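Novice: My questions are about this predicted structure, shown below with the sequence.
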Amino acid sequence: MDRSRELADFLRSRRARITPDLTGLPADGRTRRVPGLRRDEVARLAGVSTEYYTRLEQGRAGNPSPEVTEAIARALQLDPAEREHLTDLLARPARHAPISPQRVRPGLHLMLQTLDHVPAFVLGRRTDVLAANRLAREVLTDFDALPATQRNLARYYLLDPAARERTGDWERIASETVAVLRLEAGRHPHDRRLADLVGELTLRSPEFSAWWNDHKVLRRTHGTKTYHHPLVGELRFSYESLQPPGDPDQTLCVYNVEPGSPTAEALRLLTSWTAPASPHPAS
């Protein structure tokens, strides 16, 4: 990833969405040639010179101080995920150290088995599905049956035709997943597997390029999702995304259900219908 270009595109996209009336800047009567704020207006709001902000947007300003970074984030009205992304893009590039494979520790695997009444799975870098319990494999797709290189949530939502049928509000969920990948790309600019995934999605998903070029970023925390299962019908979940200690690039995702709800009953039926057959005792 070309960090200078990414920084320029990200900053331009963020200032293009803000109009002067949203910032309290007085109208100056000048004809606007670009949507949103001009560079000099961002500079004025951030308390830096126009020349400095221009060099920053072009990737030629070195490493700004945390105070300057925060001032620009305030001027552009960035949310927490966007602030994190800006910090990643402004960070001094690290050496191209190899990225080690991720593994789920035994205790986390045991937790997934304990959560046998709701879908739960562990995501790694680039939304790789590192582990999933049985209900997660039933509600979404059987990730364990896929080749290891294809066990990826973004790949599932954007390239698996069944995902469009199973996922309620598919467009929102898929576009949010692309925004999660954007955040990953800023944090790991030299991740070859992430670059390969982005290339594959660009070629094979009709929607991916437009969402990717929006430069939206998202850190998944909590929310709601709906799935349509062929056996038990509609399933409604309140999901929570938690970061287990020990690996900041892993996320535990749990799809909670309201006790006594239709979804809870549907999951009970799904569990009983899809339970593996018990081995017959030896005679």
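Specialist: That came in fine, so what should we check first?
Novice: and the residue lying closest to D169 once chain neighbours are set aside, bridged to which residues?
Specialist: Leaving out its chain neighbours, the residue that sits closest to D169 by C-beta to C-beta, 6 or more residues apart in numbering is T226, at 6.7 Å. C-beta: built from backbone N, CA, C; applies to glycine. In this entry, T226 is beta-bridged to R236, by DSSP bridges.
Novice: going forward, begin numbering at 7 instead of 1
Specialist: OK, 7 is where the count begins now, so the last one is T232.
Novice: Next, count neighbours for T232.
Specialist: By other C-beta atoms under 10 Å, 15 other residues sit near T232.
Novice: list the contacts for it?
Specialist: Applying C-beta atoms under 8 Å, 6 or more residues apart in numbering, we find T232 in contact with T173, G174, D175, E240, L241, R242, F243.
Novice: any idea which helix or strand comes after the biggest helix by length in the chain?
Specialist: In the chain, taking DSSP state H as the definition, the longest helix is helix 176-193. Per DSSP states H and E, the first helix or strand lying C-terminal to helix 176-193 is helix 198-210.
Novice: tell me the angle of that next one relative to helix 176-193?
Specialist: 140 degrees (axes from the mean of the first three to the mean of the last three C-alpha atoms, to 10 degrees).
Novice: Would you mark the buried spots in helix 198-210?
Specialist: For helix 198-210, the neighbour count (16 or more other C-beta atoms under 10 Å) marks L200, L203, V204, E206, L207 as buried.
Novice: JSON lines please, covering these and showing pLDDT and distance to V40.
Specialist: Formatted as JSON lines, the buried residues of helix 198-210 follow (pLDDT from 0 to 100; distance: C-beta to C-beta, whole Å):
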{"residue": "L200", "pLDDT": "95", "distance to V40": "31"}
{"residue": "L203", "pLDDT": "97", "distance to V40": "32"}
{"residue": "V204", "pLDDT": "97", "distance to V40": "27"}
{"residue": "E206", "pLDDT": "97", "distance to V40": "33"}
{"residue": "L207", "pLDDT": "98", "distance to V40": "29"}
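Novice: any chance of those residues in CSV, plus distance to H221?
Specialist: Listed next are the buried residues of helix 198-210 as CSV, based on distance: C-beta to C-beta, whole Å:
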residue, distance to H221
L200, 16
L203, 18
V204, 13
E206, 20
L207, 16
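Novice: Out of those, which is nearest to V135?
Specialist: L203 (12.8 Å; C-beta to C-beta).
Novice: what's R193 in contact with, if anything?
Specialist: Taking C-beta under 8 Å, 6+ apart as the test, what R193 contacts is D94.
Novice: buried set for the longest helix of the chain?
Specialist: So for helix 176-193, counting by 16+ other C-beta under 10 Å, buried means 176, 179-193.
Novice: Just to be sure, F127 is in a strand?
Specialist: Yes - judged by DSSP: H, G, I helix; E, B strand; the rest coil, F127 forms part of a strand.
Novice: what is it paired to in the beta sheet?
Specialist: A138, C259.
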